[in-house]
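Asks: Sequence first, then the predicted structure, then my questions.
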Amino acid sequence: QVQLVESGGGLLQAGGSLRLSCAASGSILSIDAMGWYRQAPGKRRELVAAITRHGSTNYADSVRGRVTISRDAAKNTVYLQMNSLKPEDTAVYYCNAQGVSGASDYVLPFNYWGQGTQVTVSS
C-alpha cells in the first residue's frame with residue numbers, strides 16, 4: 001500500500017503565492033514520477049505539472065512560468081510552488097504518484113492519487 005498526504009491548499013487573493021506538498025509513504029521501492037493535477041467545478045481533471053525520477057519536468061501551458069515543481073527524492077515528497085495566482089487557478093489540486101511498491105514477497109507497480117486539496121484564488 002502507498003499513501004499520499006497533501007498539504008498547503010488555501011484561500012488567497014489574486015497575485016499571491018502558495019506551495020503545495022505531497023508526501024508518499026508505504027511499501028515504496030521506487031517512484032517513477034510524481035505530479036499535480038487539478039479539477040475545477042464542471043471541468044475535467046488536468047495536468048498542472050509533473051516530475052520524473054530523473055528530474056525531467058512537464059508543465060501545462062496555462063501555468064508555465066508561474067509554477068515550479070520540485071522533489072525531495074529522499075523524502076518521497078513533491079512540491080508545487082505557485083506564484084502570480086489567478087482566479088482561474090481555483091480548483092481542487094490532486095497529487096499523483098507512479099512507481100513500484102513491494103516487500104519481501106511481492107513487487108507491484110502503483111499509480112495512486114491523493115485526496116485533493118482546495119486552492120481558491122479570489123479576484
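Replies: Received, thanks. As the structure is a prediction and not an experimental result, all values here were calculated from the model.

Asks: Look up how far A24 lies from the residue lying farthest from the centre of the chain.
Replies: Taking CA atoms, centre = their mean, the residue of the chain most remote from its mean C-alpha position is D105, at 29.9 Å. Note on D105: its distance to A24, by CB to CB, to the nearest Å, is 21 Å. Glycine gets a C-beta too; all of them are placed from N, C-alpha and C.

Asks: Equivalent analysis for N76, please.
Replies: From N76 to A24 the distance is 4 Å (CB to CB).

Asks: again with L108
Replies: Distance, L108 to A24, by CB to CB: 15 Å.

Asks: More neighbours: these two, which one.
Replies: A24 (23 against 12; other CB atoms under 10 Å).

Asks: if I look at the more buried one, how far off is W36?
Replies: 13 Å.

Asks: which element is M34 on?
Replies: strand 28-39 (DSSP states H and E).

Asks: So for that strand, mean pLDDT?
Replies: What strand 28-39 shows for mean pLDDT is 97.

Asks: That'll do, ta.
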